[in-house]
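Kindly generate the corresponding structure for this input.
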Amino acid sequence: MTGDPGFARLSAALACALRAAGAPEGFSPGLERPRDPSHGDWASNAALVLAGRLEQPPRKLAERICELLDASAAGLDAVEVAGPGFLNFRLADDSIWPRLDGILEADRGWGRSPATPPLRINVEFVSANPTGPLHVAHGRGAALGDAVASLLEWVGHEVTREFYVNDAGRQIQLLAESVEARHEEMAGRPAAVPEGGYHGEYVRGVAAAIRDAAGAESLASLSPEDRLTRFQSEAVRLLREEQAEDLSRFGVEMDVFYSEQSLYDSGAIGRLLERLEARGLTYREDGATWLRTSDLGDEKDRVLIKSDGSFTYFLPDLAYHLDKARRGFDVAIDVWGADHQGHEKRMLAALRGLSYPDLLQVLIIQLVTIMRDGKEVRMSKRAGRFVTLGELVDETGPDVARYFFLMRRAEVHLNFDLDLALDTSEANPVYKIQYAHARMCSVFRKAGLDPADVPVGGGVPEGFGTPAERDVALAILRLPEIIAAAAESRAPHVVCAYLEETAGSVNAWYHQGNLDPGLRILADVPERSARIVLARAVQITLRNGLRALGLSAPETLSREPAVAVGPQP
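Here you go, the predicted structure:
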């Protein structure tokens, strides 16, 4: 489905022709973009699909559909039958050029569309334990979650970005004990980090910050229990603040930081257990409390409370998701790491049992390997065991890091090529897109035009549009369709691929003026005004596409590659 009015016009006319050819009621014609642009602007396999039902040879049926199709109503310049019965369509110029005015009129709203119906959606991502700095895998989750949230907003949904703070449990106790050990070391007293504790240099920094803020004497006056409690609360606060700062530098601003501890303090977990018991979904065995998830689609039952009385991760996480429903969210989208893949099935099963079968959607991200000179970058000086997100952003900048995390499907392992990320030429895909945007901005500067003042509705000269210009126009008219598809499939990489392809078409159009001065955007020819309108539509499309992914659209770039230098525009 697409919001492209040219698509809607063609689809309606084709549906009419198909009905006249004998298609059954409700048959919907499939339309797609041909891989080879020389085949046309749209293609359909409707004749191939229908041939068996109508007992006709596919090619003969396709020819009949061509005869029945009202090309004028469809906005077509040409339609032809190809191969065994494919239908290829080429749009008429009056289906393309007048629609550029709509881009200029929409401006910052170009690419947006209304949701039917609009939903309240919670997107939870990152959700790292507050026990250390964010690492690059957290960065991939941050980029994905923020971009998915943005795309959903672009198609009309109300979105809340949420970080679930795992500030309860044994890992928090280990953090406190690790900070205490470093504090004791700094005071010249022997101490050891507990087994399973945290060893990175950042722990020493946390201990020093707590000591400096509270004062060594004040800490020494506390009982051992109170001092450990102080280390725990202050360490969680400091590390959570650092994580929020790292995310902000990465361009991610959370709406909600939700504390796991609040679930215990509010009694939500106790109420959940009562609810599960009332529905007959729990039972006791071997001293543990189990949930009957095998009755709800899971492969086996799952433990909620262990025989020692401690909760599994499953129980508070289920209570947390019920609270999302209580807060009025229609959909909860969670971005989880690959190590949580097994948790998805049990959560979906439990929510079905609690009458929330459609609440949760899970996006799984695979791991990230940072590569330099063809070799894995294994260690951070500060964190000890991993490369931090902050270090990566310091080296590449937020735009490059975000784009590289987004340009591949989340469910596949990502090799993050630092050498390519640091390349400021068009070989770097994000710079390729940003350069294309900056070039359009340079056109307006050289013309002495404020882009907002480019006139709408000026029309185009007869016969306007080189093949390169036509390719650009067709590409930019697709932005609403692309954003809608990416939002629906929770797949920002679809927008990345579109922007790279569009930037390639734009750059080819721009550079054709270096070969023929009459084709320059600002050449003193009758086509000048139409080309300026096209340049403005391109600039709007690239800017909005970048911003839909949470990326900047700079109007100037100081280090353009050699290919950008030339007499254009």
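
how many other residues sit next to residue 307?
By the criterion of other C-beta atoms under 10 Å, residue 307 has 12 neighbours. Any C-beta I mention is one placed from the backbone N, CA and C, and that applies to glycine too.

what sits against it?
286-288 (C-beta atoms under 8 Å, 6 or more residues apart in numbering).

Tell me the secondary structure at it.
coil (DSSP: H, G, I helix; E, B strand; the rest coil).

Not including adjacent chain positions, what is the nearest residue to residue 317?
Nearest-residue entry for residue 317: residue 347, 6.8 Å, with adjacent residues in sequence omitted and distances by C-beta to C-beta, 6 or more residues apart in numbering.

Can you flag which of the contacts of residue 307 belong to strands?
residue 288 (DSSP state E).

out of the contacts of residue 307, which one sits closest to residue 8?
Lowest distance from residue 8 to the contacts of residue 307 (C-beta to C-beta) belongs to residue 288, with 57.4 Å.

what are the bridge partners for the closest one, then?
Note on residue 288: beta-bridge partners by DSSP bridges are residue 285.

what residues are up against it?
Each residue near residue 288 by C-beta under 8 Å, 6+ apart is listed here: 303-307.

try residue 542
Residue 542 touches 433, 436-437, 440, 499, 502-503, 506, 553, counting by C-beta under 8 Å, 6+ apart.

got it, and residue 268?
With contact taken as C-beta under 8 Å, 6+ apart, residue 268 is in contact with 262, 319, 322-323.

Just flag the most distant two among those.
262 and 322, at 13.5 Å, using C-beta to C-beta across those.

Just want to know which of the two has more residues nearby.
Using other C-beta under 10 Å as the criterion, residue 262 and residue 322 rank with residue 322 on top: 20 against 14.

What does the pLDDT read for the residue nearest to residue 317?
What the model reports for residue 347 is a pLDDT of 96.

what residue is smack in the middle of the chain?
residue 147 (3.2 Å; C-alpha atoms, centre = their mean).

part of a strand, is residue 90?
Yes - when three-state DSSP is applied, residue 90 is found to be in a strand.

since we're on it, how many residues are nearby?
Around residue 90 there are 17 residues (other C-beta under 10 Å).

give me every residue that touches it.
Neighbours of residue 90 in contact, by C-beta under 8 Å, 6+ apart: 40-41, 76-79.

tell me which residues form a beta bridge with it?
residue 78.

Tell me the spacing between it and residue 265.
65 Å (C-beta to C-beta, to the nearest Å).

Same question for residue 39.
Relative to residue 265, and taking C-beta to C-beta, residue 39 is found at 63 Å.

Those two: which has the busier surroundings?
For residue 39 versus residue 265, neighbours defined as other C-beta under 10 Å are more numerous around residue 39 (17 against 10).

on that earlier part again, surely the residue nearest to residue 317 meets residue 360?
Yes - here residue 347 reaches residue 360: they are 6.0 Å apart, a contact under C-beta atoms under 8 Å.

joint contacts of the two?
Joint contacts of residue 347 and residue 360 (C-beta under 8 Å, 6+ apart) are residue 321.

follow-up on the earlier one: I'd like to know which of the contacts of residue 307 is nearest to residue 154.
Ranked by distance to residue 154 (C-beta to C-beta), the contacts of residue 307 are led by residue 288 at 46.1 Å.

now that closest one: how far from residue 319?
18 Å.

again, but for residue 297
To residue 319, residue 297 is 20 Å away according to C-beta to C-beta.

more crowded one of those two?
Remark: of residue 297 and residue 319, residue 319 carries more neighbours, 22 against 14, as counted by other C-beta under 10 Å.
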